[in-house]
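**Student:** What shape does this take:
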Amino acid sequence: MDNNGNFGLNVSKLKRQFAGDRFIPHRAKENFENAYYLFTIDVFEMDTIDVFEMDDIWPPKSRVHVNYARKFFTRKCYAERLMGLFEIKPRNKILNFSENTSFEEENMNEFKVWPVIKRKLPLIKHPEMILDTPALNTNLHHNVIDWGKKRIAVAHNGQIFIWCGEKEKSTSLNLKGVKGCLKFNKDGSKLAVALKHSQIGVVDMKTNKICYKTPCCPEKHCCVTSFIWANDNILIAGCTNGKLSYCHTTNRIKWMLHSAHKAGIIRINLSCNENYLATSGLDNVINFWSFPQFDYLCTIVSKFPVKAFTWHPWEEPIFVCSLDETASISVWNIRCFKEMCKTVICNDASIDCMTFNRRSGELVVSFYKLSSSKSFIAIIPNLSILSDGIIWHIGRVPYVLWNHDSTKLLTAGSDEYVCIWNFFGNQKESIPKLKSNKSGDLFKRILGNQKESIPKLKSNKSGDLFKRILNDLTHFIQK
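**Tutor:** Numbering: from 1, shown residues only. Down below sits the predicted model:
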């Protein structure tokens, strides 16, 4: 304490270090109404909406396409514009207790479960094309429609109908004993078809005739329910006996018959690099196998048969499926067999199918609400945001397919309509590039990498035969 009774404190320095009481907020120039509004009403909550409760925008029977994602995106942009005009900064606090408070955009930070190239705004508009199709079989066993490189094939009433484009007429294949399961290979040159008496037929699309035929099971008491094509024209088939068979359709070699499920197989799907194979069956499980060795890896148990599952297009161990009766989405890492996350979209809905876009990594999910018989197709970049969507079909939409370059989306519903949508709209410059496939030569992988066991070629010491003969003749003449 000095002579004046002070304790020797540097008041100016104290004020510079401690601007105010830590429990008293700064109230100067503070708009408490705006702060309270931003705290209670999330401006960005319009990304996560319940489309089932929006009866006012549900399309009538005139089939007017309603892009509800674009509607809410426009509302969000309008709100952000108003905030900019009134100089309202986004914040997650009503009061500031320090001068250096900086807002971290927690609501805008997205929890990315899988790699994705998210679209900046909704791009899907009206359908580019609407096709009238016969009533599609929505049974779990049947995969009755597929989109090849230039064709769409539909199986109905023992026949296969082919649509080749707007300029060409639709044709039908003159095949006998078609059972309703079909699948194009990767370049669209061959079509696998399930036939009677446990037969698998491969149709050459140039001649529209069967070029290869083989039985699935030797007992011939089954029916093929699912196909998947691997590289090198290797075909994998699953049947009602729960068995898998795969064969090389070019060399006409059938390798093995493998018991995968205790009941019929519903669906087969390969990972992006073709190292993992997922199969689902009527025994309420999803089994995972290494490919092409077919070694058992793990099992996911469900409460009911699962048809909606898919692999990420370039992050191989990421597997997405719907396991509950509710519209829930589960994300798994199959490499370590761990459920990464799970979310429930709606308790009174189910998921009919799901697929990833190979370019953007966005998940396309077909939902169906049981109580109101409503369906919608959602484009989900992650489990918390809805970036785009389609409301058009009446009834279930059990089939969602891509064209060969994943720029167009096909939706086939139980209302006997097939719609083709431009997935990226008219903005061609914003379309992401396709990721390369690292699966390599599958035929070599099946034979195995056995370089160390292959004997080396011994060197040939004979030399050039022509020089040897010439030297012998020269030596003979000199003698």
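**Student:** Check which helices and strands whatever helix or strand S366 lives in sits against.
**Tutor:** Assigned by DSSP states H and E, S366 belongs to strand 363-369. Identification of packing neighbours for strand 363-369 by 3 or more CB pairs under 8 Å, 6 or more residues apart in numbering; DSSP states H and E yields strand 327-333, strand 338-346, strand 349-356, strand 374-380. Just so you know, the C-beta spots here come from the backbone N, C-alpha and C atoms, and that holds for glycine as well.
**Student:** what's the average pLDDT for it?
**Tutor:** For strand 363-369, the mean pLDDT works out to 92.
**Student:** strands paired with it, and their directions?
**Tutor:** strand 349-356 (antiparallel), strand 374-380 (antiparallel) (DSSP bridges).
**Student:** got the ones you listed as a markdown table, with mean neighbour count columns?
**Tutor:** Shown next, in a markdown table, are the strands paired with strand 363-369 (neighbours: other CB atoms under 10 Å):
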| stretch | mean neighbour count |
| --- | --- |
| strand 349-356 | 22 |
| strand 374-380 | 23 |
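**Student:** lowest-confidence stretch among those?
**Tutor:** Among the strands paired with strand 363-369, strand 374-380 scores lowest, with a mean of 89.
**Student:** contact partners of it?
**Tutor:** 51-52, 58, 68-69, 119, 124, 329, 352, 362-369, 386-391, 393-397, 400, 411, 413 (CB atoms under 8 Å, 6 or more residues apart in numbering).
**Student:** contacting residues around F288?
**Tutor:** F288 makes contacts with Y276, L277, A278, Y296, L297, C298, T299, I300, I334, as judged by CB under 8 Å, 6+ apart.
**Student:** Filter these down to the buried ones and hand me the PyMOL line.
**Tutor:** The following PyMOL line selects those of these that are buried, judged by 16 or more other CB atoms under 10 Å:
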select buried, resi 276+277+278+300+334
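**Student:** for the contacts of F288, which one is nearest G188?
**Tutor:** L277 (22.3 Å; CB to CB).
**Student:** For the closest one, name its beta-bridge partners.
**Tutor:** L270, W289.
**Student:** per-residue pLDDT, it?
**Tutor:** pLDDT, L277: 96.
**Student:** in the sheet, who's paired with D388?
**Tutor:** I379.
**Student:** what about it, neighbour count?
**Tutor:** By other CB atoms under 10 Å, the residues close to D388 number 23.
**Student:** Correct me if wrong: it contacts L123.
**Tutor:** Yes. If you go by CB atoms under 8 Å, D388 and L123 touch, sitting 6.4 Å apart.
**Student:** Which one of the helices and strands packed on strand 363-369 lies nearest to L195?
**Tutor:** So among the helices and strands packed on strand 363-369, strand 349-356 is nearest, using CB to CB, at 25.0 Å.
**Student:** Which residue, other than its chain neighbours, is closest to G165?
**Tutor:** Spatial nearest neighbour of G165, excluding adjacent residues (CB to CB, 6 or more residues apart in numbering): K150 at 6.9 Å.
**Student:** now do S360
**Tutor:** Closest to S360 by CB to CB, 6+ apart is I117, at 4.6 Å.
**Student:** Then S290?
**Tutor:** L297 (6.1 Å).
**Student:** Would you reformat the strands paired with strand 363-369 as a markdown table and include distance to H197?
**Tutor:** Compiled in a markdown table, those are given as follows (distance: least, CB to CB, whole Å):
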| stretch | distance to H197 |
| --- | --- |
| strand 349-356 | 29 |
| strand 374-380 | 36 |
